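S.K.: Here's my sequence, what's the structure:
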Amino acid sequence: MINKIKLIAFTAVFGLLSTHAEEKGVFDYARQIAGGKEVKKIVFISDAGTHGGRGNHEFMAGALIIARALNAHYPNVHAVTHSTKGWPKDLSHADAIIVGLNHGGRAAKDEQIAEAVKRGAGYMAIHYGVEVNKGDQGNNYLQWMGGYFETLWSVNPWWTPDFKEFPVHPVTRGIKPFSLRDEWYYHMRFVDGMEGVTPILSELPPTNTIGGDGPRSGNPTIRKAVADGEKQHLAWAYVRPDGGRGFGFTGMHAHNNMGNDSFRTILINAAAWVSKLEIPEGGIPSPAMDANALDAVITDAKTAIQEGK
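M.R.: The predicted structure is shown next:
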C-alpha cells in the first residue's frame, strides 16, 4: 500500500512538472527564439544514436529530464532540446549550450557555438561529449569549459567512486554523499594551473581502473598520479576570463543513474549555473524517478528523435 501511495504521488508530481515544461515547449524552438531578453534560453544538443543497448548513452532522455526541471522551476527560463538529427543552425539567441554527444568534435568545430560562447554564453558537455581531438578542438574546449578528455592522456573506465565531500559551490547545493557505478572518465586535460576551475566531483581511483598503455586505457603519467594519491576530477565548473561559464561532467553513460537524486541534481544545477541562474540553497527540485519513469523518458526521447527533433 505504501509503495502504491508513493507511486501515485510520484506520478502526480512528475506529471505536473512535465505539463509545466511542455507549456513552454521543450521542442518549441520558434517560441524560444521569439522570447524576450528577460527569458534565459538554454539549448540542449544530444546525440541521436546510443552506444550499446537501451539505457546507454541516452543523452536525449537525460536532456529532457534536465530541461523539464529547469522549465518547471524557473518562470524566466525556456530550455529546448535538439537531437543531432535536428542540429540547430542558429544559436544567436542561446544563453547556454549543453551537449551530450558520442564525441564532442562536431560541437567543438561548430561556428555557431563558438560565436555564442564568444559573446558570453555558457557551455556544458556531458560524458562522451567532453572528449574532443587534441589541437583546435581541444583548444576550444579549454577556452569554453576549462578542460576536456584527451586521448593518450585521459581514461574512461567503468568504476564506482564514493563521493563523500563536495566543495562549497552553487552546483553542489542539495547534494548528499553518493556512490554510483558508471563510466567515469578521469585525468582530464585542464587549463594551465587549473586557473578558473573548481573540481565538483573528485575521487582517487583504484589502480585496477588503469589498463595497459592505449588511447583511452592508461599511460605512465596516470599511473604515477594515482600512485601518488592524486584525486581525479570527474566533474568541474569553470569561470572563463571573460566571466562566461563552462561545466564538464564525465558520467551519465548509464541512464539509470539519473534515478539517483544527487546525481540528477548536480546535472540540473550545473545547467542552471552555466546559464547564470540563481540556484536555491536546497538545489533545483525535480521529481524522484523510478525505473519505469526513467524508461518512459527514453521512449519520449526516441519518439522525438524519430520525428527529427
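
S.K.: Packing partners of the helix or strand harbouring residue 267?
M.R.: Element membership of residue 267 [criterion: DSSP states H and E] is helix 261-274. In terms of contacts (3 or more CB pairs under 8 Å, 6 or more residues apart in numbering; DSSP states H and E), helix 261-274 is packed against helix 59-73, strand 96-100, strand 122-126, strand 197-203, strand 232-239, strand 245-249. C-beta here means a position set from N, CA and C on the backbone, and glycine is covered the same way.

S.K.: rerun that using 6 Å as the cut-off
M.R.: Here helix 261-274 touches helix 59-73, strand 245-249, going by 3 or more CB pairs under 6 Å, 6 or more residues apart in numbering; DSSP states H and E.

S.K.: Now render the ones you listed as a markdown table, adding mean neighbour count and distance to residue 106.
M.R.: Output for the helices and strands packed on helix 261-274, formatted as a markdown table (neighbours: other CB atoms under 10 Å; distance: least, CB to CB, whole Å):
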| stretch | mean neighbour count | distance to residue 106 |
| --- | --- | --- |
| helix 59-73 | 26 | 13 |
| strand 245-249 | 28 | 17 |
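
S.K.: Indicate which one of these is closest to residue 116.
M.R.: Of all those, the one in closest proximity to residue 116, counting by CB to CB, is strand 245-249 (12.2 Å).

S.K.: residues contacting residue 33?
M.R.: By CB atoms under 6 Å, 6 or more residues apart in numbering, residue 33 lies in contact with residue 93.

S.K.: Tell me which stretches of the stretch 51-200 of the chain form helices.
M.R.: Under the criterion DSSP state H, counting those that start in this stretch, the stretch 51-200 of the chain contains helices at 59-73, 105-109, 111-118, 136-145.

S.K.: I'd like the average pLDDT over the shortest one.
M.R.: So that's helix 105-109. Per-residue pLDDT values over helix 105-109 give a mean of 98.

S.K.: Kindly export it (C-alpha atoms) in PDB.
M.R.: Provided in PDB are the C-alpha atoms of helix 105-109 (Å, rounded to 0.1, in the frame of the first residue of the first chain):
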ATOM      1  CA  GLY A 105      34.200  17.100 -32.100                       C
ATOM      2  CA  ARG A 106      31.200  18.400 -34.000                       C
ATOM      3  CA  ALA A 107      30.300  20.800 -31.200                       C
ATOM      4  CA  ALA A 108      33.900  21.900 -30.900                       C
ATOM      5  CA  LYS A 109      34.000  22.800 -34.600                       C
END
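
S.K.: Identify the residue spatially nearest to residue 180, adjacent ones excluded.
M.R.: Leaving aside its sequence neighbours, residue 180 sits nearest to residue 257 (CB to CB, 6 or more residues apart in numbering; 5.0 Å).

S.K.: The one you found against residue 264, yeah?
M.R.: No. Here residue 257 lies out of contact with residue 264, judged by CB atoms under 6 Å, at a distance of 8.2 Å.

S.K.: Looking only at neighbour counts, state which of the two leads.
M.R.: residue 264 (23 against 19; other CB atoms under 10 Å).

S.K.: contacting residues for that one?
M.R.: With CB under 6 Å, 6+ apart, residue 264 has these contacts: residue 258.

S.K.: what about it, distance to residue 258?
M.R.: Residue 264 sits 5 Å away from residue 258, going by CB to CB, to the nearest Å.

S.K.: so how far is residue 32 from the most centrally placed residue in the chain?
M.R.: In the chain, the centroid-proximal residue (CA atoms, centre = their mean) is residue 126; its distance is 3.8 Å. In this view, residue 126 and residue 32 are 20 Å apart by CB to CB.

S.K.: thinking again about what came up before, could you double-check that the residue nearest to the centre of the chain lies in contact with residue 252?
M.R.: Yes. If you go by CB under 6 Å, residue 126 and residue 252 touch, sitting 5.3 Å apart.

S.K.: How about residue 286: what's its closest non-neighbour residue?
M.R.: Going by CB to CB, 6+ apart, residue 286 has residue 69 as its nearest residue, at 4.1 Å.

S.K.: My guess is the one you found contacts residue 268. True?
M.R.: Yes. Using CB under 6 Å, residue 69 makes contact with residue 268 at a distance of 4.9 Å.

S.K.: so where is this protein shaky, pLDDT-wise?
M.R.: Along the chain, segments meeting pLDDT under 70 span 1-23.

S.K.: Much appreciated, bye for now.
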